[in-house]
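**Q** what follows is a protein structure lacking sequence information:
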């Protein structure tokens, strides 16, 4: 239901419900991984930008980390190059890396910055090469069929360190950092890094209150396809072991668990296809996704 159809009393109730959350999270950092349908549907893009600006205006400090897989694929097709994936990871040769950097650091990043600014925010676009704040090395991925064998994916990066000072400087002021998941190596080489991993690591180093991952699913589902609104790291371990969690959800879950275990107080995996999902998850009692609490015991 759109907000235009809500009665004045219901609207007032929603605002009153949000108040304790606004007070609780005032001045706190929220790291938001932006991806999926929320990045491609025009109406959802506008909703997301308004949500981020509202969170900033009520005193929270949002940091946005974005993906851009579909946009990269579109550009690769336009230049006559076919994307290749191994175990769900994009193989990134030098030519592909040039496209990835152009799309993520240029087209997608600047579009998000512009959207947020149009709605009254002060967004600043960054890649990990700015100030060298995301340092990385080549990722050698274990072969799932032969664990002792490592797969070279090209210029795909494994984060070695993140310097939080640049993000913290922007975030603590009036600005909203918008970060493309590109890192830099010791010799100045450029690396493509999984955006979920970047978001999780940034949440860790900033000691964020929350990490929020927008997805194309309702959240974490059990073996019967039912939404789990609250789970513990121990629950996640069991679901990975029995195969309930697999495929594209694994990098998100991995980032979520790492962040929770490294001190991020709560991690949310939410349905980015829902209008204003960000506000509903953070500022209402029920939320719209799955909450992983950091203070629960891990296995």
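**A** Happy to help now that I have it. Because the structure is predicted, anything quoted here is derived from the model rather than measured. Numbers count the residues shown, from 1 in each chain.

**Q** quick one, strands of the stretch 151-299 of the chain?
**A** Residue ranges of the strands in the stretch 151-299 of the chain, as given by DSSP state E, counting those that start in this stretch, are 176-180, 182-184, 190-192, 210-215, 230-231, 266-271, 289-293.

**Q** now the nearest residue to residue 86 once chain neighbours are set aside: how far from residue 196?
**A** The shortest distance from residue 86 to any non-neighbouring residue, by C-beta to C-beta, 6 or more residues apart in numbering, is to residue 151 (5.9 Å). Using the backbone N, CA and C atoms, a C-beta is placed for each residue, glycine as well. Plainly put, residue 151 is 19 Å away from residue 196 if you go by C-beta to C-beta, to the nearest Å.

**Q** the two: who's more crowded?
**A** Between residue 151 and residue 196, counting by other C-beta atoms under 10 Å, residue 196 is the more crowded of the two (27 against 16).

**Q** got the buried residues for stretch 20-40?
**A** Neighbour-count burial for stretch 20-40 flags 21-22, 25, 29-39 (criterion: 16 or more other C-beta atoms under 10 Å).

**Q** can I get those residues in TSV with secondary structure, pLDDT and distance to residue 237?
**A** TSV is the format used below for these (DSSP: H, G, I helix; E, B strand; the rest coil; pLDDT from 0 to 100; distance: C-beta to C-beta, whole Å):
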residue	secondary structure	pLDDT	distance to residue 237
21	helix	92	29
22	helix	94	34
25	coil	95	28
29	strand	96	27
30	strand	96	26
31	strand	97	23
32	strand	97	25
33	strand	96	21
34	strand	95	27
35	coil	88	24
36	helix	80	25
37	helix	76	29
38	helix	84	28
39	helix	87	30
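
**Q** with these in mind, which one is nearest to residue 229?
**A** residue 21 (16.3 Å; C-beta to C-beta).

**Q** which ones are touching that closest one?
**A** Neighbouring residues of residue 21 by C-beta atoms under 8 Å, 6 or more residues apart in numbering: 282-284.

**Q** run the last query once more with 7 Å
**A** By C-beta atoms under 7 Å, 6 or more residues apart in numbering, the contact set of residue 21 is 282-283.

**Q** distance of it from residue 243?
**A** Counting by C-beta to C-beta - residue 21 and residue 243 are separated by 35 Å.

**Q** could you tell me how many residues sit around residue 186?
**A** With other C-beta under 10 Å as criterion, residue 186 counts 9.
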